[in-house]
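Provide a 3D model corresponding to the input given below.
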Amino acid sequence: MTSTRIVIDGTALTCLEVTRVARDDVQVVMSDTGIARALESWKVARELTGTQPVYGRTTGVGANRLVDVEWDDADVHGLRLLRSHAAGAGPLLRPEVARAMLTVRLNQLAAGGAGVDPGVLPALADVINLGLTPPIPIYGAIGTGDLTALASTALCLLGERSWIGGDQGPGFPLRSADALAFISSNAATLGEAALAVTDLRRLLRASIVIAALSLVAAYGSAEPYAPVVHEACPHPGQQQVAASMRLLLAYEGSSPGRIQDPYGYRAFPQVHGPAVDSAAYAEGVITREINAAAENPLIDVVDRAVWHNGNFHTAYVGLALDAARASLFQTAALSASRLGTLVEPSFTGLHPFLAATEASSGIMILEYVAQSAIADVRRYASPAALGNAVLSRGVEEHAGFSPQSARATTDAITAYRIALGCELVAAMRALRMQGRAPTGGPLKGAYDLAASVLDPRVEDRPLDGDIAVAADLLDLEDFSAGVAPGEAGVPGLW
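The predicted model follows:
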């Protein structure tokens, strides 16, 4: 049984757990070790601040880093920082992204290194468990810290702004000296990235099932998935996809309709494999970041030192997501290719467009819908990292735009889900019209699940409802449960 409680300790949070906290009825619980780690960091920060300059605590920030904070100004310096930086713009972050941000920041603080008052941790946990979120506009970060988002969160903790979901949430008297330490984080970007990569990996699994259904409907050949083929060119993702296809097709006959299929089937492992590898790499990067004490300045408890550094820069995250979107477009294009075969009588033995009669339109419009969605996947595939910015009087002269990369990944996934939904509607319709179904194993389970919710009628009618039902089906774990973690010698990437 899936636990309804997730323990936050600063070291072991996963992207899937972030997603569960953000979307499901899951409670977070602080571990004693996480709070103890934060406490030690806070003590050392206070000790060091009294003996040496510490960025943001005894100095200004950005171009004002060389300006010392006067002793009689110290109690309000941090509060001014929060108020001046809570200045985002545009529509608000979706509640699930805001909850993901709170979860990530809570875990980062439990990793130690920030030097923030440990009392903030249970306060943030209470906010999450009460279902409250701060009002955070989407525009304001460029990959060097989600300062506007976290400054707004800090003002909610202080009681100067209202939480969404309840005016009076659990407040906390955040100390002025801890202000910069609290907001110096990419938690909003990482929260959205964790949601996106979780969704992406689920859809990549589901698309293998859909490709297998399409192959059966098009009388395709399983020969391209033979082990010897992929041992000859052993990319991990390619091997994983081929192994999954072999598992899904294990119960099907071996009478292909042609000697070589189109690329949508024949080159599927070679094109879908890079998307699998890219998503796995991105998840690894994001997981490291959400469990890192990536603070600037970093409070070093062991050596009782403070280190000013560049761990606030999320180039790894942005570049990993950029690569994932590029590979996603490639495999989305193959989905459209397979959809094209399903409207052709030479592949299915049915009327054109899987229509009820030769003069009917059938699923003709699905190709338009799929190509419209894939056009957006292509548009979002443009690398966010190609941008740059010079800010704060030239002191901060580089940006990776990882927030924009995370947001583009979310949008690309939404479009990809629609394209896959179109292919699933077509594959299921073809198999039903042929009077055929997978004969066993996990592919039959996926077919039966889809058949239980998709309308079986073939006369011309609006198909928008069918697409929506199919797209929702892809998010169910049961649909892609048959995609195996791999065979002997094949790395498991799921």
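
only C-alpha atoms from now on, for both contacts and neighbour counts.
Noted.

quick check: domain ranges of this protein?
Structural domains assigned to the chain are 5-185, 199-297+318-473, following automatic domain parsing.

would you turn these into CSV with distance to His308, mean pLDDT and mean neighbour count?
What follows is the domains of the chain, written out as CSV (distance: least, CA to CA, whole Å; pLDDT from 0 to 100; neighbours: other CA atoms under 10 Å):
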stretch, distance to His308, mean pLDDT, mean neighbour count
domain 5-185, 8, 89, 20
domain 199-297+318-473, 4, 96, 20
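
which one of the ones you listed lies closest to Asn309?
domain 199-297+318-473 (5.7 Å; CA to CA).

now the closest one, how far from the chain's geometric center?
Put simply, domain 199-297+318-473 sits 16 Å off its chain's centre (CA atoms, centre = their mean, to the nearest Å).

sorry, back to before: turn the domains of the chain into JSON lines, columns for distance to Trp307.
Formatted as JSON lines, these follow (distance: least, CA to CA, whole Å):
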{"stretch": "domain 5-185", "distance to Trp307": "9"}
{"stretch": "domain 199-297+318-473", "distance to Trp307": "5"}
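
who wins for proximity to Arg304 among those domains?
domain 5-185 (6.2 Å).

and the end-to-end length of the closest one?
25 Å (CA to CA, to the nearest Å).

again, but for stretch 135-152
With CA to CA as the measure, the first residue of stretch 135-152 is 7 Å from its last.

same check on stretch 163-179?
First-to-last residue span, stretch 163-179, CA to CA: 19 Å.

repeat that for stretch 288-305.
23 Å.

chain center to that stretch, what's the gap?
The answer for stretch 288-305 is 25 Å, by CA atoms, centre = their mean.

what's the first-to-last distance across stretch 394-407?
End-to-end distance for stretch 394-407, by CA to CA: 27 Å.

ok, back up a step: tell me which of the domains of the chain lies nearest to Ala481.
Distance to Ala481, taken as CA to CA, is lowest for domain 199-297+318-473 among the domains of the chain, at 7.2 Å.

sorry, back to before: which among the domains of the chain is found nearest to Val306?
domain 199-297+318-473 (6.4 Å).

before we move on, the earlier item: which stretch among the domains of the chain comes nearest Ser480?
Among the domains of the chain, domain 199-297+318-473 sits nearest to Ser480 (CA to CA), with 5.0 Å.

one step back: of all the domains of the chain, which one is nearest Ala305?
Between Ala305 and these, the tightest spacing by CA to CA is seen for domain 5-185, at 7.2 Å.

the helix or strand hosting His77 packs against which elements?
Using DSSP states H and E, His77 falls within helix 74-85. Here helix 74-85 touches helix 147-158, helix 179-183, going by 3 or more CA pairs under 8 Å, 6 or more residues apart in numbering; DSSP states H and E.

6 Å - rerun?
Other elements packing on helix 74-85 under the criterion 3 or more CA pairs under 6 Å, 6 or more residues apart in numbering; DSSP states H and E are helix 147-158.

now Ser327. Nearest residue, chain neighbours left out?
Leaving aside its sequence neighbours, Ser327 sits nearest to Ala275 (CA to CA, 6 or more residues apart in numbering; 4.8 Å).

doesn't the one you found fall inside a strand?
No - counting by DSSP: H, G, I helix; E, B strand; the rest coil, Ala275 is not found in a strand; it is helix.

quick one: it from Val377, how far?
13 Å.

what's the closest of the domains of the chain to Gly482?
Of all the domains of the chain, domain 199-297+318-473 comes closest under CA to CA, at 4.6 Å.
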